[in-house]
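Chemist: Have a look; sequence and predicted model below, questions after that.
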Amino acid sequence: MPDAYNLTKRAKSSLYDCHFYHHVEIPVIKGLRERFLNAMAANPPAVIVEVRDDLKSQVSGVGTTTDFPELNQILSTKHVVIYDESDLRRE
C-alpha cells in the first residue's frame, strides 16, 4: 500500500480538532495539543484537509478559542495549499 494511504503511522489520534478549542487552559487540553503537534513533527502527514470559515463548526464561550497558533505555524511553513474550494465560489 502506498505510504500516502498508510494513515496508521500518522497523527491518527486526532481525526477531529474540536477538542483543541475548548477548555484550552486546562492541562488535559494543553496535553492533547502538545501530543498532536509532536505527532505531526514525528510523522508529518502527506495531506491535510482543513475546513475553514463558514463551513467549520466552532466552539464558543468561556475558556474557548478559535486559534491554534502552533498548528497555524506548521500549516503555513511546512505545507502548501493545493486546492481551495473558495476559489470556485461565485458571489
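Modeler: That came through fine.
Chemist: doesn't Glu25 make contact with Thr64?
Modeler: No - Thr64 is beyond contact range of Glu25, at 10.1 Å (criterion: CB atoms under 8 Å). For every residue, glycine as well, the C-beta is placed using N, CA and C.
Chemist: Those two: which is more packed in?
Modeler: Taking other CB atoms under 10 Å, Thr64 and Glu25 do not tie; Thr64 has more neighbours (12 against 8).
Chemist: how near is the more buried one to His22?
Modeler: According to CB to CB, to the nearest Å, Thr64 and His22 sit 5 Å apart.
Chemist: ditto for Ser57
Modeler: 12 Å.
Chemist: Give me the more crowded residue out of these two.
Modeler: Neighbours were counted for Ser57 and for His22 using other CB under 10 Å; His22 has more, 16 against 8.
Chemist: right, and the more buried one touches Gly63 too?
Modeler: Yes - using CB under 8 Å, His22 is in contact with Gly63, at 6.5 Å.
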